[in-house]
Every structure is written in C-alpha cells, then in structure tokens.
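Student: Show me the folded form of this:
(2 chains)
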Amino acid sequence: MVNQLVAAIKPSQIPGSDPQSTKYLIVPIFIFFALMIFAMIRGPQIISGSGIGTAIMVSTPLILATYALTALALAGRVTVDLSIGPLIGFINVTTIQLYAAGYIQSPVAYFICALAIGVIYQFLYALIVIFIRVQPIIVALSMFLAFSGINLVILPRPGGRAPDWMLSWSAGTEVVQPTLILLIFSTLIWYALTHTAYWQHLKLMGSDEKSAYTSGVRIYIVRIGAHIIGGVYAALAAIAFTGLIGSGDPTQGTTYTLMAVTALVLGGSSLIGGRGGAFGAILGSVNIYLINFILSTFRFERFQSFVTDLSYGAVLVASLLILIALPYIQKAFKNLSVFVFFIIGTLSAAAVQIHMKFDQVTRGTVGGFGGKSKDAEIFEKALESGSDCLITGKACAEGGNSTVWMFIAIGIAALIYLVYLLVKHRDGPTVSFIIAAIVIFFGCVWSGTREAYFVNADLGTNLQYILNYAPQYFTSEYLRVGAGLPDFSSSSSALVGLAYAVATLGGIVFFTSAIVIIAMPRFRKEIKTQTLVLFAIAISFIVFAAISYYGIESNRQSFFGIDGYAVILILFLLFLLTAPTLFSNINLNNVFIIFLGVLAILAVYFLASPSGTIITDDGSKFYSPIITELIVGDTSSINYTRPIRGEFITSDVTWLKEAALIIFAIFVFQFFTYLTMGAKISFARFRPYIAILSIAALTWSAMFFAIGYPYWKMILITAIGIAISPLIWQAFGVYKIKLKSQEGLEKWGGLSEDRKV
Amino acid sequence: MEKRTHNFLKGLGILFAVAAGIGTAVLGYVDRTDWIQVAFYSVAVVAIILWGWHFFLVRWSYRSLVKEDGSKPPETIETTSKRSLFWDLIAKNWIAVTGFLLLLGLFILLCFLVPGFFSGRTVVSAIILLGFLILAFLAYKFLNINKSVIIGVAVLVGLFIIGSVSIDGFLSLQNIKSMLVFASFLGIATIGQTLVVMLGGLDLSIPFLIGATNLGLMSLISLGVPPWLAFIVILAFGTIVGLFNGLISFNLQGQSLIVTLGVGFMVVGGVQILVSLPTVTGGTVFGVVPDWLKNLASLNGKFFGLPIPPVILIWILISILLIVGLRHTKWGRNLYAVGGKRLSADRLSISERAYWVGVYVISGFTSAATGAMLLGWSGGGFIGVGDQYLFLTVAAVAVGGTSLLGGYGGYGFTVIGVLALQVISTFLAGLGLSFEGQQFIFGLLILPLVALYSRAPHIREQI
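Tutor: As a prediction, this is how the structure comes out:
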C-alpha cells in the first residue's frame, strides 16, 4: 500500500509529463488568495451570506463576459474583442427598450432576443474577419465606437426598468440566487464544450493557424464557432448585467471592456491565442471583484475613482509582467500540482477567516482596547494637546521622530534589497514572493479605518478635513512606540516595550526577505540553510512578542493586536510552503502540503464555535492594521495566563476528541516523516530534515498554544511522537519489505535486493 | 478604326464636356449657388468628363488605331478587341460596375423618394462623385503607383467633394482652418502610433497620456510653475512614460496593446490623484494658459503675422521630416527592417530592443506634446480630452494603409488617413447629427475604409 502511495506521488513530479499543462493557473491562484486574505483582513464581511451573494451577483456578468473574451482570444490573431462592453450595453438597452415597448414579455422571449443579438453580431464579426480579412482589433475598435454611439441613441441616459421576473436578481443577499444558477449553467455548458473535438481544433487554430489549416482543420467553421460561443456568452453576460443593475445603462461600455480584458489577463489567458479556460476566467473576474472590494474598504472618498483607475492599470501591467515570468514559475513549481496549490490557498484563507471570526468575538466580549479605533485616539489626542501635528500631517510621535526614520530606513533597505533580488534573479518565485511581501506590507501599514461619528466634532476645518478625507498612506507616520508607555522616569518597562516592538517589526521585514531567499532555487544550499535558521529566529521573535503580550493587564489588552495573529498565520503557511523547496530533490513539497492541510482541517474542526458556523453576517466591523496598533501598554503587569481563546475550546471538546486528535496527529507526523525519507528508513536519510521538522513542530505548537490549546498536550504529542517514531517507521518498513519481497518472489522465485535495505 | 472616326470621337468628347460644363453652370445659376462654387463645379465636371471620355473611348480607339497601323493583327482578334472596348471591360470588372450601377440606382431612388432631394446641385454633385469614382478606379487599375496611396487620396478627395457639396460653409476658410488644426492635433498624436504600428505593436496609452499631460500641465501652471518649465516637465513626463511602455512591453510584444492600456490607466489615475491632492475638487482644474501656448494651437493663432495657426505648420514640418526620414535615413530603413522581419534585422545587427523602445519613447513624447497643445486650444485642463484619440489614432493609421502587422506603411499614409478621418468627422458634424449619431456612423464607416485595402492575405498565401 505504501509502495503504491509512494509510486503514486512520483509521476506528478516528472517535469513536462503533463502535455496540457495548467501551470499558468498558479499565478491567478496566488493572486486570488493574496487578495482574498487581504480582503478578509480589511473587511471580514466578505465571508458571509450576503457578502458571498453580492460577490456572485456582481462578478457574474464579468465572468460571463470573460468567458466570451476567452473563447475569442483562444481563436488567435489577437482577437481581443474590445467591443464586448458596448455590446453588453447594447443588448442591455435594446432589451430594456423592447420590454418597455411591450414586445418581449416572457423570459423565454427575452433570452432568445438577447442571445440572437449577441450571436448575430459575433457571426457578422467572424464573417468580416474571415472574408474581408480585416484585423480583428480594427473591427473591435470600430464596433466599440459604433455601439457606444447607438447605445446613447437608444437610451439617452441610464434608466428604464428590468423585466418584473428579473427584479429579484439584484437582491444578492443569499448565496443561492438566479444569477448563480445562470453562472453554473453557463459554466456547465462551457465544460461540455471543452470536452469536444471542436475545442481541440479551436486551441490548435489559436496557437498556430497555419498548422491548423495545413492539418485539415476547417478554420473558417472553427472561427465562426468561436465567435458564436463568444456571442452567446456576451448575451448571457448582458442578461446578468441587466439583472444586476435592474435597469438600462448605455454608459458602462468602456469600464466593462477594461474590466473584462483585465480579468482575462489576470486569469492567465494568452491574448495571442491557444491558452485559456473557464477556471482562469472565473479567477480573473473574482480577482477584479476583490480588488474593488479592498479598494472600497479604504474609503478614498473623492479619490476613489482615480485610485480604481490606477489600481486596474497597475494590476493589468503587473499580471502581464508575471506572464513574462511564467516559464520560470512553471519551472519552479514543477513539483507542485495546481490542484494542491489551490487547496493550500483555500486552507490558509480559511485559517485567516477563523482567526478573524474568533478575534472579533474576543474583542467584542472583552472590550477594552479593541473597542477604540485609531481615529478615536488621534481625535482625543488632538483635543487634549491642541497641537497642530495632525493638521500638518507630520508624525505625532512623542518619543521623537527617530522611530519614523528607523522605519523609513528599514523600508528603504528592504526595498533596495528586493529590487536587487528582482534584477539579479528574474524568476517566478522571486516575483511572486515580492508581491506577497508587498501585499503583507501594505496590509500592515495601510489604514482606512474611518468612523462616521467624528465628522460632527467641532475641530476646525483643517483637522476635520484631514480626519475625514485624507487617505492615510503609510500610517507608520503615526507610529508612537513610546507614547503608550506610562512614564519614562518612573517605569523601567520602556526598554522592554521598545525591544518587543522592534523585534516584531524587524521580524516581519526579515521574514519577507528570508522567504525570498529560501524560495530562490539559485542560491547555494548553505545560504539557504543559514537563512532558514535566521528565519526561524525571526518567527520565534514574532511569536514570542505575540504570546507574551496577549494577556497583558487585567482587561487583557494586547499591543500586538488580534490582526497580528492573522499575519502570523499567513507567515506560517508561507513558511511551510517555501521550506520544502530547500531540498527540492525530495518530494517534501507534497508531504508538507498534506501535513499542513490535515492540521488546518483539524484546527477548523476543533475551533469551530459552539454555534457550528464560522460565517457571520455581521459586517460592520473594520479592523485596524497591525502596525498602527503598536502602542505598547503598561508592561509592568504582564500576566502570563492562558490565552482567552481556550474558553471556546474547553466547552466544546470532549476527552475523546482530544485523544483522537492526539493519536491522529502522531500518526500523521510519523507517516509523513516516513514518506519524507523516501520510504527508506535510516537515520542518515532522516538527519537533513531534523531541523525542518523541529522548526515545524515548534511553530505549529506555538500557534496552537496561541489559539488556546494547552501547551502540555502538545508536549505530550511531541514526546509520544518522538519516542515511538522508530517503532512506527519500523512497522512501515517491515510492511514495505514484505510487499516487495512478495513481489520479488512472484517474479523471480526468490527474495529481491530490497531485502537488504 | 479609321483616324477620322478617332478625331471625330475626340471632338465629340470635348463638345460633350463643354456642354456639360455649361449645363452645370446653368443649373448652378438656377439653384442660386455661390458663383465660386458654380465655377468650381463647372470646371470639375468638364475635367472629369474629358478624363473619362479619354479613358473609355479615345485611348482605346487610339490604341487599336496604332495596332492597325503597325503589326496588322488577325481579324478575329480585332473583332474581340473591338468588342472589348466596352463589354470586355465590364466583364472583367463586373463587381465595380455593379457597385457603380447600384450607386446610380440609389441616387435615382433617393431622388424619387426624398422630397426636395432632386436639385441641380445634387445632380451635379452626384455626377462629380460618380465621375470621380470611375477616375479613382481607373487610376487604381492602370497606374503603377502605390495602390493604398491612390485609394487613400481617392477616399479623401471623394469625401471632400461630398462634404463640400452637401454642407454649407464646408469650403469656407474658417472651416478648412479648423479642420487643419484638428487634423494637426490628431496627426501629431498619431506620429508615435504610426511608428509603433510599423514595428507590429500598438500603443493604447496615447489617449490617457494626452489627457494626463493636458491636466498635468494646467495644474502645474496654476501651481505657479513657469509655463515653459511646466511644458518641458510635461514633455519629459511623456517621454518617461513612453520609455516605461517600451521597456515593459518589449518582452510582451504580442500583448503590447494590453500593456499600454494598463499603463495608460495607471498614468490617468496617478496624475489625477497628484493633481487633486492640493485642491479640493477632483478632475478639472482652471488657470491661465500663457499666450504663446494659446497662440500655438488656437484657431486665431498667428505665425509671424500670418493668420495660420502655428500648429499646422509644425505638423507639416514634422510630416515632411518624418516622411523623408523614414525613407532616406538609416534609422528609417532599419525601422522597416525590424518591422518586416525580426530575424533578418537581427542578422543585420540592428538592435530590436533599441528600436522598439525608441518608437514608444517617441510615442510618449508626441502624446505629451499633443496634450500640451490641446491645452492651448481649449484653455482648461480636462482629463477626458484625449478620450477620442483611443480610436482615432489607430483608425488613422489603419485607414492610411499602414499594416498593423508591421513592416509596411509610413507616415505619409497616416497623413492621408488623418485627413480622411478629419473630413469624415467634420462632414458628420456638418450634417447636424448628434454626437452619439456621429460616433455610430463613424465607427461603421471605418470598417469599409480599412477593408478597401488593408486586408491580410489569405491563409493559403501565408503558408
């Protein structure tokens, strides 16, 4: 059995063994989870019934439009149908006007009408491209202009009313809704299409039209087919769009075109043709939605549309730049299947969500520090001191401006380092992890927390203006490391507080750079090993800071902030992702991935709240980023009690469950260690992994402790695990040898060489 | 055919032409048209009829005459060639003839259906247009010049004729001047696009860059920066954006369209944020545009006392420089080489990267210049001022006849395209259509224009 398992793991690691590689999806998946985690930290309401419902409702038209574009882009010749937005607008306004005139009252007629418009238009498009032989982009541009014009003629300004049967589509409060059914239906059709011979022809034609022609593919028919598919999906997108806005809107064209094209590129499809699929389209569209969502949590006020423009453009360019690195990424991730990568992402996102959920409850019940936002403090401070530091926008640090400069220096150094790495090693992992570093960094320093009740305060126009409108880029300006300390003269804790703060921040910066080094295949092994050790030290710093300050004071306020846990969790997950690449000649990747996955599932199982749900509809709370919470409390009364998380656990966990967990954890640990050794047990083979396994065990224990699991239980697990490990390996080994020998006996009539192992 | 018959035909043609000219003049008088236009139309009618007559009858009859005198071809061939004077020509070009007859039928139909359509003026216009179409077709068939140039010029002149006969004031000095000013803006903005397209790329950041530089220049001036300095800063900004475009799209040549679109949005968003940071309102900023900038681009601009806006002269100068430069300098020839076949260019040790980045830098620079000059024209910064150039720059290049696949074309073609587009848009505006209607028809018109000659070869021929 073990043999078969080991054998089953290996074929997936042979590079190039999969001709229809979907490795390009790794980039969209990575972006998706990075955005998802960021979005959950910014606004946890995204994971709730209404949040998901809204997401489905808003992104379905975009997904369908991206399907249309994907089908067209697959056909090659740079068929980027820029007219897709105005076409959707055209179908939208036409059907609305026809409905208002009393023509297409029934849903069936409505669908037929919309589909007919889309299909006829795309059919003509195909004919023009095929027989008049104009570049598709010219047709698209012409029709873009023509549709933009005619839409405004048909419906001069946004208005009208969607059909009555469509009114419920724009509610979006539930996950299961008509739009979702439409989406699922369309996706099923898509998958049915992709399993036809026609689809192979289409891909062949897209990647090389001449070869397709010479090998007898009827390229005219295939191209017309691609356009008709595009037309159908454009029409469905228009229907979903009509349902979304519930009226007619002739002006959405440009934005929609841009969004759909961005989604197409973000989904990893190639505009040159031959590559692309539904999964990529969905990911790309959802990424767009997430970007919008994240931007909306910042509340840029009058800058909103500008920032949206800027970020669309930036994301478009960045995702294209990643496409350059795609070959390198495929090379670097050759041991990793896309599916497994997706599962990891899901797990890490789920873990973050659990943290958000629990920390929200903790804050709510305990109160104290968590109830006060940063703005409230700034506000009170401004009222007390009457100083103008807020109005001028300078740092309000009481401990002097040196902190700010320190952060700026660290930031610049890190930036230079990252740029250097990027220039020196232009490969996939570098790019991906620099993006991860940037995302985490901005998640840390960027604050968009705004509370409405400050607006009415009588503070003079300038201060009000800043409080209400100014986007807080780099809120590290507001860092007040020394400010929260009681008194420099009477207390000795200043040094302690500062040390912890520096350790935490330094650890984060250090972490990002270390990740990059580890992920880089080109570094020598020694450097990687050293980095790993340093990395472990950095993580311990962070963990130590988190744990030691968690139960501070009687009201248990924590300077570290609950969000810190979310960040730590991401760090762990990323660490466990990257550590395996250290010794990539072994299939450690999959080992750790599965190990991690099982642990995360266990965490979900044991940590689920008594009500049994991890999804809440309460979306009213925003969280301040971690660094802005760095106001060190009174460290004189540090209270090393058990974290309050445990309160949730004890009520729900029976001893049977705990025993099961312990046994299962030990088994998993043993089993995967065994696999790690390549199924050949000897201490010599085990030795290289001792460091990794120890670090992994330590960090995971620390994390479990941080979320409230008693430490003695983890020590117990480790102790039992280590003590009985040789036995278990022996058992595995014996079983394996037995299998082998049986096989050998059957084959040769005697024992094989494997006996000597 | 005897020589006498030939001379008779010739004389008959002249007589007919003069008669038609006089008829035109009379019709024009009856129609109470301006005397300049009457003279113009009369001369045009005479000239066209003479030309057509010459081509259809005199030239071939003369040719057969010469043949008879010389080598005495066999009788059978002579009879067929006699027949070919008319029928053979039709048989060979049945598509064109059918189209021509359809046009004629359409005209007659319109005359019957639309009340007030039939007047001396419309008849003359139709005659001129149809005659011109024949002329253009013949030139296309029998002249040995670059065909896309002929079609471009033909379309341009044809549109001009249609415009001048159907819209009052189309030929007025003011209108022509304003058309030229707008054409200059478009022409300067299209310089970069042409060069980029000649390498097989596309630059969609032009409209956004125009809007951003327009707004940025206004904002800088209103912040108190000296206008000349602001102007230079803006040009430098455009150049840097172009450089960025070129550098990052070099490895993504097939998708340069999307790369530049993304960069364009970044630029627009970034500049808007920067501009609206110090102000309370977002979007439009107001300020005083310096006089020299106004003079440069406005309709009433003077060039050393001459009532010609300097921007027109700048455009003409740049056009000449660029056309000559592309044809006769090493840089220009190398550009064609890189656009035509990368491998060959590489073997000639021409740096593909340098040329690719170079054209994008030029594109950024010219876009910034257009944005700055549009500020001089409008007098107020507005981010959306460049929006229409997204379509127009690509359309002008394509209509001109430069191949979007690269390696073929030139700025001379683009000039024709720019002028044609300008005439169309003035014409549509002159018809009194709403902006949306103009957009619609404009979009639909581009397709046939491009389809006239900018066609890709059939897949059979590509293999």
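Student: From now on I want contacts and neighbour counts done on CA atoms only, so please keep to that.
Tutor: Fine.
Student: the domain parsing of chain B - what is it?
Tutor: Listed by automatic domain parsing, the domain ranges of chain B are B:3-144, B:173-462.
Student: go on, chain A?
Tutor: Chain A breaks down by automatic domain parsing into domains covering A:2-7+A:25-324, A:343-383+A:396-640+A:647-652, A:653-757.
Student: By mean pLDDT, show me the worst of these.
Tutor: Of all the domains of chain A, domain A:343-383+A:396-640+A:647-652 carries the lowest average pLDDT, namely a mean of 44.
Student: The stretch 151-300 of chain B against chain A: which residues are in contact?
Tutor: Counting by C-alpha under 8 Å from any C-alpha of the partner chain, the stretch 151-300 of chain B comes close to chain A at B:248, B:251-252, B:254-255, B:258-259, B:261-270, B:272-273, B:282.
Student: do that again at 6 Å, thanks
Tutor: Within the stretch 151-300 of chain B, the residues that sit near chain A (C-alpha under 6 Å from any C-alpha of the partner chain) are B:Val259, B:Gly262, B:Val263, B:Phe265, B:Met266, B:Gly269, B:Gly270.
Student: Show only the entries of those residues found in helices.
Tutor: Applying DSSP state H to these, the entries found in helices are B:Val259, B:Gly262, B:Val263, B:Phe265, B:Met266, B:Gly269, B:Gly270.
Student: now the strands: where do they sit in the stretch 151-300 of chain B?
Tutor: Read by DSSP state E, counting those that start in this stretch, the stretch 151-300 of chain B holds no strands at all.
Student: brain fart, the stretch 1-150 of chain B
Tutor: Applying DSSP E, counting those that start in this stretch to the stretch 1-150 of chain B gives no strands.
Student: pLDDT below threshold where in it?
Tutor: In the predicted model, the stretch 1-150 of chain B carries pLDDT under 70 at residues B:1-4, B:6, B:32-36, B:54-93, B:96, B:114-122, B:136-148.
Student: Show me the helices in it, by range?
Tutor: B:3-31, B:35-53, B:59-70, B:75-83, B:89-92, B:94-113, B:120-142, B:147-166 (DSSP state H, counting those that start in this stretch).
Student: on that earlier part again, for the ones in helices among the residues of the stretch 151-300 of chain B next to chain A, give me JSON lines that also has pLDDT.
Tutor: Listed next are those as JSON lines, based on pLDDT from 0 to 100:
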{"residue": "B:Val259", "pLDDT": "86"}
{"residue": "B:Gly262", "pLDDT": "87"}
{"residue": "B:Val263", "pLDDT": "90"}
{"residue": "B:Phe265", "pLDDT": "87"}
{"residue": "B:Met266", "pLDDT": "88"}
{"residue": "B:Gly269", "pLDDT": "86"}
{"residue": "B:Gly270", "pLDDT": "86"}
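Student: Quick one: buried ones out of those residues?
Tutor: Neighbour counting over these (16 or more other C-alpha atoms under 10 Å in any protein chain shown) leaves B:Val259, B:Gly262, B:Val263, B:Phe265, B:Met266, B:Gly269, B:Gly270 as the buried ones.
Student: Make CSV out of the residues you listed and add distance to B:Thr98.
Tutor: Formatted as CSV, these follow (distance: C-alpha to C-alpha, whole Å):
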residue, distance to B:Thr98
B:Val259, 45
B:Gly262, 46
B:Val263, 48
B:Phe265, 48
B:Met266, 51
B:Gly269, 52
B:Gly270, 55
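Student: Check those and tell me the two furthest apart.
Tutor: B:Val259 and B:Gly270 (16.3 Å; C-alpha to C-alpha).
Student: Quick check: B:Leu335 vs chain A, distance?
Tutor: Taking C-alpha to the nearest C-alpha, to the nearest Å as the measure, B:Leu335 falls 22 Å from chain A.
Student: nearest spatial neighbour of B:Val357, skipping sequence neighbours?
Tutor: In space, and not counting its chain neighbours, B:Val357 is closest to B:Gly246: 4.2 Å by C-alpha to C-alpha, 6 or more residues apart in numbering or on different chains.
Student: Next, count neighbours for the one you found.
Tutor: 30 (other C-alpha atoms under 10 Å in any protein chain shown).
Student: Then the one 5 residues further on?
Tutor: As a burial measure, B:Asn251 scores 15 neighbours (other C-alpha under 10 Å).
Student: Now for it: which residues touch it?
Tutor: Residues near B:Asn251 by C-alpha atoms under 6 Å, 6 or more residues apart in numbering or on different chains: none.
Student: what do you get for B:Ala451?
Tutor: A:Val134.
Student: go with 7 Å
Tutor: A:Ile132, A:Val134 (C-alpha atoms under 7 Å, 6 or more residues apart in numbering or on different chains).
Student: host element of it?
Tutor: helix B:435-453 (DSSP states H and E).
Student: Tell me the helix or strand right after that helix.
Tutor: Once the chain leaves helix B:435-453, the next helix or strand it forms, by DSSP H and E, is helix B:459-462.
Student: Relative to the whole chain's centre, how far out is that next one?
Tutor: Distance, stretch centre to chain centre, for helix B:459-462: 29 Å (C-alpha atoms, centre = their mean, to the nearest Å).
Student: what about it, average pLDDT?
Tutor: Helix B:459-462 shows a mean pLDDT of 71.
Student: re the thing from before, give me the angle between the helix holding B:Ala451 and helix B:147-166.
Tutor: 140 degrees (axes from the mean of the first three to the mean of the last three C-alpha atoms, to 10 degrees).
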